[in-house]
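**Q** Fold the stuff below for me.
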Amino acid sequence: MTDTPKIPRLKPKPAIAKLAGRKLKPATLMMGHGYDPQLSEGALKPPVFLTSTFAFESAAAGKRHFEGITGKRAGGAEGLVYGRFNGPNQEILEDRLAIWDEAEDALCFSSGMTAICVLLLANCSAGDVIVHSGPLYAASEGFIAKTLSRFGVTYLDFAAGAEGGEIEAVLEQAQAMAKKQGGKVAMIYLESPANPTNALVDVEAVRDARNAVLDGNCPIAIDNTFLGPLWQQPLLHGADIVVYSLTKYVGGHSDLVAGSIAGAERWMTPVRMLRNTMGGIADPNTAWMLLRSLETVELRMQRAGENAAKVCEFLSAHPKVEGLGYLGMIADARQQDIYRRHCNGAGSTFSLFIKGGEAESFAFLDSLRIAKLAVSLGGTETLASHPAAMTHLSVPDERKARLGITDNLVRISIGIEDPDDLIADFDQALAKV
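**A** This next block holds a predicted model:
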């Protein structure tokens with residue numbers, strides 16, 4: 001009787017690299033972490049692996065991999081199996097994504113909303129309650145309120161700037177609701193900064209409230225798209241799972257759609273299992289493009305952030321501007337405190353409040369020449385949109401008013417153009433209002 005052969009991973013999961021005892025920074029690791037050129041004919045960059053399936057080295061290896069895929073054995077597949085489960089480009093991408101948030105594991109998806117939907121589905125059952133901050137991106141809020149409700153999942157929410165006592169009260173109410181429904185509080189889902197108001201959530205206060213009211217089996221997930229991965233690291237402040245639309249800053253060129261989540265393996269494993277069943281993994285070409293983009297994400301975000309500071313300095317003094325939701329110019333003491341504790345920078349996406357209403361906002365948007373009138377954010381080009389009439393159109397008017405999504409709010413995402421040219425563009429567009 002022969003011993004069961006040891007089946008190594010085809011692409012070993014690498015440890016964080018060090019040089020002379022120094023832990024290397026993410027900007028350095030993005031150039032080669034998780035990839036060995038000698039495994040691909042010496043190619044400096046990973047090839048795009050356009051294959052739907054992978055040949056097993058033996059029948060025993062195939063069995064071993066499927067034991068991991070199906071959950072009969074902990075740890076997942078130990079090698080490459082099938083395009084719905086994993087692939088070389090996706091695994092390298094996931095290794096590099098985990099670095100930015102100092103996470104144990106990461107998973108990539110075909111879109112940010114796919115990541116969010118699979119995350120929620122993996123953690124919720126009939127009778128459960130989700131507690132979330134508000135506002136959320138309209139599609140996220142809609143999935144919770146409209147889709148999950150069809151399967152017996154309910155929700156409660158609290159304002160983004162809520163303090164510890166307010167959050168505890170909502171969690172206690174949610175716990176009572178879940179008990180009555182025969183379920184549990186399945187997840188606390190946050191978005192900070194909130195889309196589109198830029199309101200910040202106190203992640204540390206949420207963690208403390210969760211620990212005081214609920215047990216540790218209720219994860220805290222946070223959409224970090226507006227500031228991540230450079231300007232905020234929520235896992236260091238009490239979140240368990242960080243969510244990204246990789247379409248935005250990580251992709252950064254407005255030429256792909258993808259999403260991801262990252263966190264401890266205990267939270268990633270059930271999501272990975274559901275992704276194995278449902279699909280939704282990012283395709284190889286998109287993963288390859290994201291690897292390209294990760295090499296310059298720090299440079300692009302730094303430049304965009306510097307541009308935004310200059311543009312907002314101009315806008316703050318303009319007579320046709322009513323206000324700015326820019327993290328570099330926070331007036332509210334509570335929001336200032338959260339920013340000081342949680343954020344490394346103000347970002348480059350902000351809300352611009354124009355004096356007037358929808359007509360004045362539309363006049364401004366239609367007059368822009370350098371900035372593009374389009375939804376999304378975090379690209380190399382400057383984008384402007386009207387959330388109340390576009391991304392958040394489906395949100396009921398009463399809730400929009402309560403959340404501050406007004407007709408005079410324009411969302412701006414500053415790109416990497418020359419800042420003086422951007423200021424000139426905003427100046428001439430405001431003159432048309």
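**Q** Average pLDDT for stretch 203-213, rounded please.
**A** Taken as a whole, stretch 203-213 has a mean pLDDT of 97.
**Q** Residue 85: how many residues sit nearby?
**A** Using other Cβ atoms under 10 Å, residue 85 has 21 neighbouring residues. No exception for glycine: its C-beta is placed from N, CA and C like everyone else's.
**Q** That one contacts residue 276, correct?
**A** Yes: counting by Cβ atoms under 8 Å, residue 276 is a contact partner of residue 85 at 5.2 Å.
**Q** got any residues that touch both of the two?
**A** Among the neighbours of residue 85, those also in contact with residue 276 (Cβ atoms under 8 Å, 6 or more residues apart in numbering) are residue 69.
**Q** to the chain's geometric centre, what's the distance from stretch 318-332?
**A** For stretch 318-332, the separation from the chain centroid amounts to 25 Å (computed by Cα atoms, centre = their mean, to the nearest Å).
**Q** ok, now stretch 286-303?
**A** 15 Å.
**Q** tell me the mean pLDDT for that stretch?
**A** pLDDT averaged over stretch 286-303 gives 98.
**Q** check contacts around residue 160.
**A** Taking Cβ under 8 Å, 6+ apart as the definition, contacts of residue 160 comprise 133, 134, 135, 191, 192, 194, 197, 199, 200, 201.
**Q** Among those, which ones are in strands?
**A** Of the positions in the contacts of residue 160, 133, 134, 191 sit in strands, assigned by DSSP state E.
**Q** which of the residues you listed has the most neighbours?
**A** Ranking the ones in strands among the contacts of residue 160 using other Cβ under 10 Å puts residue 133 first, with 27 neighbours.
**Q** quick one on the thing from earlier: list just the nearest of the ones in strands among the contacts of residue 160 to residue 161.
**A** Nearest to residue 161 out of those is residue 133 (Cβ to Cβ; 9.1 Å).
**Q** Isn't that closest one up against residue 197?
**A** No: here residue 133 does not reach residue 197: they are 11.2 Å apart, not a contact under Cβ under 8 Å.
**Q** where's the dip in pLDDT among the ones in strands among the contacts of residue 160?
**A** residue 134 (94).
**Q** ok, the closest residue to it other than its chain neighbours - contacts?
**A** Nearest residue to residue 134, sequence neighbours excluded (Cβ to Cβ, 6 or more residues apart in numbering): residue 157, at 4.5 Å. Residue 157 is in contact with 131, 132, 133, 134, 170, counting by Cβ under 8 Å, 6+ apart.
**Q** rerun that using 10 Å as the cut-off
**A** 130-136, 141, 144-145, 170, 174, 189, 399, 403 (Cβ atoms under 10 Å, 6 or more residues apart in numbering).
**Q** So which of those is surrounded by the most neighbours?
**A** residue 131 leads the contacts of residue 157 on contacts (other Cβ under 10 Å) with 29 neighbours.
**Q** Residues in a beta bridge with that residue, which ones?
**A** Taking DSSP bridges as the rule, residue 131 bridges to residue 156, residue 188.
**Q** coming back round to it: please render the ones in strands among the contacts of residue 160 as JSON lines that adds distance to residue 366 to the earlier fields.
**A** Output for these, formatted as JSON lines (distance: Cβ to Cβ, whole Å):
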{"residue": "133", "distance to residue 366": "33"}
{"residue": "134", "distance to residue 366": "30"}
{"residue": "191", "distance to residue 366": "29"}
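**Q** Considering these, which is situated nearest to residue 233?
**A** Distances from residue 233 to these, taken by Cβ to Cβ, are shortest for residue 191, at 15.8 Å.
**Q** residues near residue 119, how many?
**A** 27.
**Q** Alpha carbons only: can I get the helix or strand hosting it in CSV?
**A** Under the criterion of DSSP states H and E, residue 119 resides in helix 112-123. This file holds the C-alpha atoms of helix 112-123, laid out as CSV (Å, rounded to 0.1, in the frame of the first residue of the first chain):
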residue,chain,number,x,y,z
GLY,A,112,-18.6,45.2,-6.7
MET,A,113,-22.3,44.4,-6.4
THR,A,114,-21.6,40.7,-7.1
ALA,A,115,-19.2,40.7,-4.1
ILE,A,116,-21.8,42.4,-1.9
CYS,A,117,-24.6,40.1,-2.9
VAL,A,118,-22.7,36.9,-2.4
LEU,A,119,-21.3,38.2,0.9
LEU,A,120,-24.8,38.9,2.2
LEU,A,121,-26.3,35.7,0.9
ALA,A,122,-23.5,33.6,2.5
ASN,A,123,-24.2,35.1,5.9
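**Q** the helices in the protein, which residues?
**A** For the chain, helices defined by DSSP state H occupy the ranges 26-29, 59-70, 88-100, 112-123, 138-142, 164-181, 203-213, 265-278, 284-294, 297-316, 333-342, 358-367, 397-403, 419-431.
**Q** Please convert the ones you listed to CSV, extending it with distance to residue 373.
**A** Below are the helices of the chain laid out as CSV (distance: least, Cβ to Cβ, whole Å):
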stretch, distance to residue 373
helix 26-29, 33
helix 59-70, 45
helix 88-100, 31
helix 112-123, 21
helix 138-142, 18
helix 164-181, 37
helix 203-213, 33
helix 265-278, 35
helix 284-294, 24
helix 297-316, 17
helix 333-342, 29
helix 358-367, 5
helix 397-403, 20
helix 419-431, 10
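**Q** Relative to residue 391, which of those is closest?
**A** helix 138-142 (5.7 Å).
**Q** Check what contacts that closest one and list those residues.
**A** With Cβ under 10 Å, 6+ apart, helix 138-142 has contacts from 111-113, 116-117, 120, 132, 134-136, 148, 155, 157, 189, 191, 195-196, 223, 243, 387, 390-395, 399-400, 403, 405.
**Q** redo that, cut-off 6 Å
**A** Helix 138-142 has contacts (Cβ atoms under 6 Å, 6 or more residues apart in numbering) with 113, 116, 391, 392, 394, 395.
**Q** what's residue 187 in contact with, if anything?
**A** 123, 130, 219, 221.
**Q** isn't the second one right next to residue 156, touching?
**A** No: counting by Cβ atoms under 6 Å, residue 130 stays clear of residue 156, with 7.9 Å between them.
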